[in-house]
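>>> Got a predicted structure here, sequence first:
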Amino acid sequence: MPTPAISLETRLIALADRSDAEAAAGLAELGARPAAEALLREAASRAPLFPEPPVKTAVRVVLRLGGERLEYTVTLGGGAADVAPGPAEGARAYLAQDLVELLRALYGTAPGRHQATRELRITEPERPSFDPADPEHAERAAAVTALHQLAGALSRPERSLDELAVRFGSDKWGGHWYTPHYDRYFAPLRNDPVTLLEIGIGGYDAPDQGGASLRMWKHYFRRGTVYGLDIYEKHGIAEPRLHPLRGDQGDPAYLEGLAAETGPFDIVIDDGSHLNHHVLTSFGSLFRHLRPGGLYVIEDTQTAYWPGWGGNAADLTDAGTSMGFVKTLLDGLNHQERPETPGQEPSYTDRHIAAVHVHHNLVVIEKALNAEQGAPSWVPRDVDPYSWYTAAADGE
Ligand SMILES: C[S@@+](CC[C@H](N)C(=O)[O-])C[C@H]1O[C@@H](n2cnc3c(N)ncnc32)[C@H](O)[C@@H]1O
């Protein structure tokens, strides 16, 4: 099995809660420059959470690690969010910060002092007097907005999942009403460095279209790593902590390789083809690669009743449909209570599913050891409990 590659972002996330000395040593070991650049790219990718200036506007950024001083140009506004090494000529917005605090601001969990080493400045040009018609005012306003965007991105913006869905155009709120349910199950993991895989990127065959929900997840889990799987090539939507993969959710061999390289997962969401046999194949391959305490979500289970999608409305117990299969998992939850069938061991799902939450068109399956003891063996199974109580009371 190949060893999963550990990305620079993952290493930075792991460093963010260490002591000052350990974090500084870790950053130096990773290389101050690549680390600083990766952190600024993360900040730039969070900038769309804030209003942007109408035109491209440069922010001069100075970062310090020990005696080292690093300078970057971050360009925001007019749809841009770019990072380039080197000084920003003529920039009016300026941000300077200690690199360790920048790391903590982006990826740390402690409610830190991450603004204590931050310096913000707007450069004022020399001019003889105040002239309200001076075009320079618009330039200043753009610099203030760009600086607000960058400083805001560094200040742990915590948006609700509904808001993020609408911001990034995901139909998980609006088309469907899934995000309140998701928030209920995912909120306890929000500050964890989760690994999330979503099947189905969206945008169909356009390589740079789609990814709405992946962006939503990336900003919800600010320390998370998000993988998206699609049958179409989607390289154009890659960004820090968001990795598109190409493959078929109906191909178990491909899914095994994917899980070996990118798993184990904390969360898997199936929002792919919604064909019933694909839903079952993906679950069969990927559920084993979910961590204990992880969640497996199946969306749009309405197709369980649609014959064109492999569904069956005539036989609601058909285990070849997603909902028919989910019903079998419910009996698995109570496998300890079923009369023993000689030679029949509980299945993997019997032993590893602790809860199944069924909502309208959405199923959330919790993975945890299901090893609770069954009812004591002396409780009779095959007699009417009232006759048994009466017999016990009579001392028989
Ligand atoms: C509903 S869209 C995903 C939307 C996206 N999750 C969102 O919420 O923004 C479904 C996606 O599944 C992809 N898809 C269809 N069949 C697939 C398969 N066999 N394997 C992987 N992806 C598939 C389609 O190309 C499409 O992009």
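The structure has been received and is ready for your questions. Numbering: from 1, shown residues only.
>>> make it CA atoms for all contacts and neighbour counts henceforth
Will do.
>>> phi, psi of Pro244?
Torsion angles at Pro244 (phi, psi; degrees, to the nearest 10) stand at phi -80, psi 140.
>>> And for Ala25?
phi -60, psi -40.
>>> Tell me how far it lies from the ligand.
As judged by Cα to the nearest ligand atom, to the nearest Å, Ala25 and the ligand stand 39 Å apart.
>>> Could you list the domains of the protein?
Following the assignment in automatic domain parsing, the chain carries domains at 8-153, 161-367.
>>> so who does Gly332 touch?
The neighbours of Gly332, taking Cα atoms under 8 Å, 6 or more residues apart in numbering as the test, are 346, 349-351, 353.
>>> possible to save the domains of the chain as JSON lines with mean pLDDT and distance to Gly395?
Shown next, in JSON lines, are the domains of the chain (pLDDT from 0 to 100; distance: least, Cα to Cα, whole Å):
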{"stretch": "domain 8-153", "mean pLDDT": "92", "distance to Gly395": "61"}
{"stretch": "domain 161-367", "mean pLDDT": "96", "distance to Gly395": "27"}
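>>> between those domains, which gets nearest to Ala375?
Between Ala375 and the domains of the chain, the shortest gap by Cα to Cα is with domain 161-367, which sits at 6.9 Å.
>>> Endpoints of the closest one, how far apart?
One end of domain 161-367 sits 23 Å from the other (Cα to Cα, to the nearest Å).
>>> Pull out the buried residues from the longest helix anywhere in the chain.
In the chain, taking DSSP state H as the definition, the longest helix is helix 136-153. By neighbour count on 16 or more other Cα atoms under 10 Å, the buried set for helix 136-153 is 139-140, 142-153.
>>> Same question for stretch 346-354.
So, applying 16+ other Cα under 10 Å, buried residues of stretch 346-354: 349-354.
>>> Likewise for stretch 98-109?
Residues of stretch 98-109 classed as buried by neighbour count (16+ other Cα under 10 Å): 98-108.
>>> Quick one: mark the members of the residues you listed that sit in strands.
Among these, the ones falling in strands (DSSP state E) are Asp98.
>>> Now do the helices in the chain.
Along the chain, the segments classed as helices by DSSP H run 8-15, 20-30, 32-46, 99-107, 136-153, 161-168, 179-186, 212-220, 252-262, 276-286, 322-333, 348-352, 385-393.
>>> hang on, the earlier thing: same for the longest helix of the chain, what does it pack against?
In terms of contacts (3 or more Cα pairs under 8 Å, 6 or more residues apart in numbering; DSSP states H and E), helix 136-153 is packed against helix 32-46, strand 57-65, strand 93-98, strand 119-122.
>>> picking that back up, need the buried residues of stretch 346-354 in JSON lines (columns: distance to Ala16).
Shown next, in JSON lines, are those (distance: Cα to Cα, whole Å):
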{"residue": "Thr349", "distance to Ala16": "36"}
{"residue": "Asp350", "distance to Ala16": "38"}
{"residue": "Arg351", "distance to Ala16": "36"}
{"residue": "His352", "distance to Ala16": "32"}
{"residue": "Ile353", "distance to Ala16": "33"}
{"residue": "Ala354", "distance to Ala16": "32"}
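>>> Spit out the contact partners of Gln373.
By Cα under 8 Å, 6+ apart, the contact set of Gln373 is Gln336.
>>> For it, give me the pLDDT.
pLDDT for Gln373: 88.
>>> One more: the one 4 residues further on?
The confidence metric pLDDT takes the value 84 at Ser377.
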